[in-house]
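# below are the sequence and a predicted model; questions follow.
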Amino acid sequence: GNLLAMLTVMKALPLSYNRDMQEDKEGFFDTVDTLLSTLEVFAGMVATLQVKGEKTRRAAEEGYILATDLADYLVGKGVPFREAHSIVGGLVQYAAERGKTFKDLSLSEYKSFSPLFEEDVYSVTLASSLGERNVPGGTAPGQVAQQLARARKIVQGKDG
């Protein structure tokens, strides 16, 4: 809300009349107060964060979180992304209607959507998906560990 109010004031400013900028102070200080109190809450949360890996993995496997990875798999075999997206969308609908996950589908079921699916489609897993995003801020386990360590250092520095 405060950002939109400030942008509205800025948009309406004439070229050289900046007294209207006084209107931004209330929203700015309100935003700073909100941010500081939010950071205090997050500092405590990050300091004590414990991820239950097995429970998290099971929850992730219940849905179709690998849909984009399957589309990328098809793109790697020469299918344009738009077409790959459509193929995988049909695959998700098919699996959902039958109460199946991707790992429950047979190769013949995959091939009914595209002949480009091969046995290596089963190498598209949560672990491979996470590992492929090994960039700063990415989901690769090493990147996540670095970001958590960095966040904990920041929290400890603020608290110390």
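Looks like it came in fine.
# against which helices or strands is the lengthiest helix in the chain packed?
Of all the elements of type helix in the chain, the one with the most residues (DSSP state H) is helix 24-48. Packing partners of helix 24-48 (3 or more CB pairs under 8 Å, 6 or more residues apart in numbering; DSSP states H and E): helix 2-12, helix 141-159. No exception for glycine: its C-beta is placed from N, CA and C like everyone else's.
# what sits up against that helix?
Contact with helix 24-48 is made by 1-3, 5-6, 9, 148, 151-152, 155-156, 158-159, as judged by CB atoms under 8 Å, 6 or more residues apart in numbering.
# in TSV: those, plus neighbour count, pLDDT and distance to A43.
Converted to TSV, those look like this (neighbours: other CB atoms under 10 Å; pLDDT from 0 to 100; distance: CB to CB, whole Å):
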residue	neighbour count	pLDDT	distance to A43
G1	8	83	25
N2	15	83	23
L3	10	85	24
A5	13	82	28
M6	17	81	27
V9	15	76	32
L148	13	84	13
A151	16	81	9
R152	14	79	10
V155	19	73	5
Q156	12	77	9
K158	11	62	6
D159	9	46	7
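# closest to A71 out of these?
Comparing the contacts of helix 24-48 against A71 with CB to CB places L148 closest, at 29.2 Å.
# give me every residue that touches the closest one.
Going by CB under 8 Å, 6+ apart, the list of residues near L148 reads V46, L49.
# G63 versus that one, what's the distance?
24 Å (CB to CB, to the nearest Å).
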